[in-house]
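In: What shape does this take:
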Amino acid sequence: MFLIGRFLSSLAKASSLIGTICVILMMLHVTADVIGRYFFNAPLPGTIVVVANYYMIVLVFIAIGVAEEKQAHISVEFVTDMMPKRVQTGFSVFSGVLTVIVITALMIAGYTEAVKKTNIGATMEQGSQMIEVWQSYWAIPVGTGLMVLIAAYRVITTVTGLRSGLNETVMDAELINE
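Out: Next up is the predicted model:
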């Protein structure tokens, strides 16, 4: 089981790298557009469509699995911290199962929409150009799929008490389990 967690963590790291690359590309793209627009009166065509339909979508949905792996989603533990450990574990499992159900529904809807947009070759118009955007729809099922895998795996390891391997090095895991 530990190796599955390490594999999921490596997928999350790859997703994080993709998100970082998107941020850098978006920054460079927008900067080049602003410089072109205000200094040379020649903006880059399609900047708004590319930023909104590629960089932002990929950044948000690919990184959603990273947030799940690091347990970085917003949570309020004001009341549960005062409860016994077993009750806290029960709430954690319930929360994980609910996450898997809701995000699976989002993943299926995203997949359905991605297939539709791919089949019609979805494009958006900016100025006099048509820019293909169907590819960006695939970031939704991929990112949510990673989140579902990580959340389901975390539920399994919490219920079974096995080492997860998520977001920890082998040395950390050995120290924790000694």
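
In: need the contact list for the residue most central in space within the chain.
Out: Centroid check for the chain by C-alpha atoms, centre = their mean gives I64 as the closest residue, at 2.3 Å. I64 is in contact with G143, T144, L146, M147, counting by C-beta atoms under 8 Å, 6 or more residues apart in numbering. (C-beta placed from N, C-alpha, C; glycine too.)

In: which SSE is it in?
Out: Element membership for I64 (DSSP states H and E) is helix 56-69.

In: Which parts of the next helix or strand after that helix count as buried, going by neighbours?
Out: Using DSSP H and E, the helix or strand that follows helix 56-69 in sequence is helix 85-120. For helix 85-120, a neighbour-count test (16 or more other C-beta atoms under 10 Å) marks 92, 95-96, 99-100, 103-104, 106-107, 110-111, 114, 117 as buried.

In: just stretch 120-127 next, same as before
Out: A122, M124, Q126.

In: Just the ones of these in helices?
Out: Among the buried residues of stretch 120-127, DSSP state H puts none in helices.

In: can those residues go into TSV with extra columns for distance to E77?
Out: Below are the buried residues of stretch 120-127 laid out as TSV (distance: C-beta to C-beta, whole Å):
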residue	distance to E77
A122	42
M124	42
Q126	45
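
In: okay if I get these as TSV plus pLDDT?
Out: Conversion of the buried residues of stretch 120-127 to TSV gives the following (pLDDT from 0 to 100):
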residue	pLDDT
A122	90
M124	89
Q126	84
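
In: Keep only those of those residues that are in strands.
Out: Under the assignment DSSP state E, the buried residues of stretch 120-127 contribute M124, Q126 to strands.

In: got the buried residues for the lengthiest helix in the chain?
Out: The longest helix of the chain (DSSP H) is helix 2-39. Using 16+ other C-beta under 10 Å as the test for burial, helix 2-39 gives 2, 4-6, 8-9, 11-12, 15-16, 18-19, 22, 25-26, 29-30, 33.

In: tilt between it and helix 56-69?
Out: Here the directions of helix 2-39 and helix 56-69 differ by 150 degrees (axes from the mean of the first three to the mean of the last three C-alpha atoms, to 10 degrees).

In: So which other helices or strands are in contact with helix 2-39?
Out: helix 47-50, helix 56-69, helix 139-160 (3 or more C-beta pairs under 8 Å, 6 or more residues apart in numbering; DSSP states H and E).

In: The shortest one packs against which elements?
Out: This points to helix 47-50. With contacts defined as 3+ C-beta pairs under 8 Å, 6+ apart, helix 47-50 has these neighbours: helix 2-39, strand 123-126.
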